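# Sequence first, predicted model second:
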Amino acid sequence: MTKDLLTLGNKTFSSRLLTGTGKFASKTLIAPMLEASGSEIITVALRRVDPTADQGNILSHIPDSVTLLPNTSGARTADEAVRIARIAREAGCGDFIKIEVITDMQYLMPDNYETLKASRILAKEGFIVLPYVMPDLTITQQLYDAGAAAVMPLGSPIGSNRGLEMKSMIERIIEISKLPVVVDAGIGRPSQAAEAMEMGADAVLVNTAIATSGDPALAGKAFAMAVMAGRMAFCANLAGKNHLAAASSPLTGFLGE
Amino acid sequence: MSFFNQVKEYESFDFKAHFDSILPEDVQRTLNRVDTQVRLESYDLLTLLSPAAQPFLEPMAQKAAALTHQHFGRTIGLYAPMYISDFCSNHCTYCGFNCSTDFKRTQLTLDQIEQEARAIFDMGIRHILVLTGEAPAKTPLSYLTAAMGILKKYFSSIALEMFPMDEDAYGKMAAAGADSLTVYQETYDQKIYKEVHPKGKKADYEYRLLTPERGARAGFRAVNIGALFGLGDPGTEAFMAGIHAKYLEQTFPHVEVSLSLPRMTKAEGGIEPKNLLSDKKFVQCMLAWRLFMPRLGINISTRESALFRDRLIHLGATKYSAGSKTDVGGYAVHTKDTTVQFEVTDTRSVAQVSRMIQDSGYQPVFKDWEIF
């Protein structure tokens, strides 16, 4: 097998597990988690970054080798998301941006319409745009046209650990998407991450389940292995991928020629 | 439909009789709903606040802790209050700033506000709660918006705990830099409300009740409400505050809603509290709220003792004040003869509280918001 890399924008990654910086009992747990999981991309909410804090600055806990994926958490409109993205770039967080436009503080559901608007603007400005969306075919196509670098449909509500409740929709998105599909939100167990990868997702993003576990480094590693296992299974083209598996002996052979 | 409609629906409801009728099996049924991730209804909240739920505090705490970790992670937000004026024309019989209390009133100049801001910033605090009494003649909107202009240079989030304003004034405060609003109903019991607010602007129960709604409509991203425990029956107050929070959450899904449990300890302004909230009942209210609303913010102030606060970290709390001074100019300006609004019981520094949070296995979060 040739090297199986994930491409997002102008960068390639060998790990298909994206992680996050929120919810940890201590920021000092982040670096060991990255090390153990091999995750090469980590999200950080710009609103939580405090350049005036020395040790308290979350960015100082992330090794340079890991790609920062600042997110626009807190934005409720496209305009706000665009503003946050520009500030993140000016602050030296690079060109990657995860667009989160959320108008529901209960389940943190994304607003696809505003997300699309922000994606269009930011992709034109050269950002590598990763938009967090409700699983929807139209938005997937529109995000491709808008120049996004991936589509990130939610598996289930953020932090819910409920797994792939949106499975059928995500399967269909994987089928038609010309963009890499990163399943984001709701993945609570390594088996669920593996399931997403087996389906053909290009990557998964896991934060809550790792950050709130008793041992984030160990949990990170468990997710990384599950992601690898799921990916290998997908690449191996396991039997049973189709909903209607072909019977091993033909059912109509008796009819003859 | 404002929340006043819901208050009216409960006007003739016999809370005491209902609380007393709850059986242990009712409590168990509600806890089973939590386990199966079924959303709790108002009657579940009543059940969890009843005397019958008291023997279930431990399983309630276990579930509350799990839900809090899931939704907030192992983190505690930190903030500090800044009192900028204690002039007040209200007659709240329980309050140290009551206009009939005779003490020298103080109001910070804009320069003094900046001095205080610098001192609080140097403590590490990035989220500030700004407080005044109700004396619009002394603290007009122009003064308050100018104060916001100074504070936003230092703080990434500014919350207001002032007198109720109309939507237009809140819009101006939001434009000037404020992003959050705290307003306590004090008591949801209309009869007691009238007794403890005999005259003045605050005597208007409905206007105060609808303040968080006006704030949410004016553009604040977070509202914090609560009752002042010690006035009405604690179970009833906790229930009404809970359904008020739920109403706000449902009506304004983009707004972060949180609850506080300020409780009277002794006669702060003259009256002896009738319904003291015990530590046990305090914890029961917190846990019931958490199970009822898994994403609800729960704020714990320095009214509570250090020992008690250390324990509450594990029971669903999400935000702590720290290093608080509750008199005007208490951080740096130190004008003479100021009066505190309430006695700070947890007198530890921000660094000490932060250390305690870390030692408890949680991350102290100083900055969680910024208006970009």
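That came through fine.
# pLDDT wise, what is the residue in the stretch 151-257 of chain A that chain B sits nearest to at?
Nearest to chain B, among the residues of the stretch 151-257 of chain A, is residue A:212, at 4.7 Å (Cβ to the nearest Cβ). In short, each C-beta sits where N, CA and C put it, glycine included. Listed pLDDT for residue A:212 reads 91.
# so who does the residue in chain A that chain B sits nearest to touch?
In chain A, the residue found nearest to chain B is residue A:23; the distance is 2.2 Å by Cβ to the nearest Cβ. Residues in contact with residue A:23 (Cβ atoms under 8 Å, 6 or more residues apart in numbering or on different chains) are A:159, A:207-208, A:211-212, B:69, B:72-75.
# Low-confidence stretches in chain A?
A:1-2, A:54-56, A:239-250, A:253, A:256-257 (pLDDT under 70).
# give me phi/psi at the closest residue to chain A within the stretch 1-150 of chain B?
Proximity of the stretch 1-150 of chain B to chain A (Cβ to the nearest Cβ) peaks at residue B:73, 2.2 Å away. For residue B:73, the backbone dihedrals (degrees, to the nearest 10) come out as phi 70, psi -170.
# quick one on the thing from earlier: how about the nearest residue to the residue of chain A closest to chain B, chain neighbours excluded?
Closest residue to residue A:23 apart from its sequence neighbours, by Cβ to Cβ, 6 or more residues apart in numbering or on different chains: residue B:73 at 2.2 Å.
# That neighbour: neighbouring residues, count only.
22 (other Cβ atoms under 10 Å in any protein chain shown).
# what helix or strand is the residue of chain A closest to chain B on?
Assigned by DSSP states H and E, residue A:23 falls within no helix or strand.
# Could you pick out the residues of the stretch 51-200 of chain A near chain B for me?
Residues of the stretch 51-200 of chain A lying close to chain B by Cβ under 8 Å from any Cβ of the partner chain are A:53, A:56, A:74, A:76, A:80, A:83-84, A:87, A:102-106, A:159-161.
# could you redo the last one with a cut-off of 7 Å?
A:53, A:56, A:74, A:76, A:80, A:83-84, A:87, A:103-106, A:159, A:161 (Cβ under 7 Å from any Cβ of the partner chain).
# Same list (those residues) but as a markdown table, adding neighbour count and secondary structure.
Output for these, formatted as a markdown table (neighbours: other Cβ atoms under 10 Å in any protein chain shown; DSSP: H, G, I helix; E, B strand; the rest coil):
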| residue | neighbour count | secondary structure |
| --- | --- | --- |
| A:53 | 14 | coil |
| A:56 | 18 | coil |
| A:74 | 22 | coil |
| A:76 | 18 | coil |
| A:80 | 17 | helix |
| A:83 | 16 | helix |
| A:84 | 25 | helix |
| A:87 | 16 | helix |
| A:103 | 16 | coil |
| A:104 | 14 | coil |
| A:105 | 19 | coil |
| A:106 | 17 | coil |
| A:159 | 25 | coil |
| A:161 | 17 | coil |
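# Would you map the strands across the stretch 151-300 of chain B?
B:157-161, B:180-182, B:222-226, B:256-260, B:297-300 (DSSP state E, counting those that start in this stretch).
# Pick the most deeply packed of those.
strand B:180-182 (a mean of 25; mean count of other Cβ atoms under 10 Å in any protein chain shown).
# and that strand, which strands flank it?
strand B:157-161 (parallel), strand B:222-226 (parallel) (DSSP bridges).
# Run the angle between the first one and strand B:256-260 for me.
Angular relation of strand B:157-161 and strand B:256-260 on a 0 to 180 degree scale: 50 degrees, by axes from the mean of the first three to the mean of the last three Cα atoms, to 10 degrees.
# what's the distance between strand B:157-161 and the middle of its chain?
12 Å (Cα atoms, centre = their mean, to the nearest Å).
# And the contacts of it?
Residues from elsewhere that reach strand B:157-161 (Cβ atoms under 7 Å, 6 or more residues apart in numbering or on different chains): B:127-131, B:148, B:151-152, B:173, B:177-182, B:369.
# same thing but 6 Å
When contacts are defined by Cβ atoms under 6 Å, 6 or more residues apart in numbering or on different chains, strand B:157-161 is touched by residues B:127-131, B:151, B:177-182, B:369.
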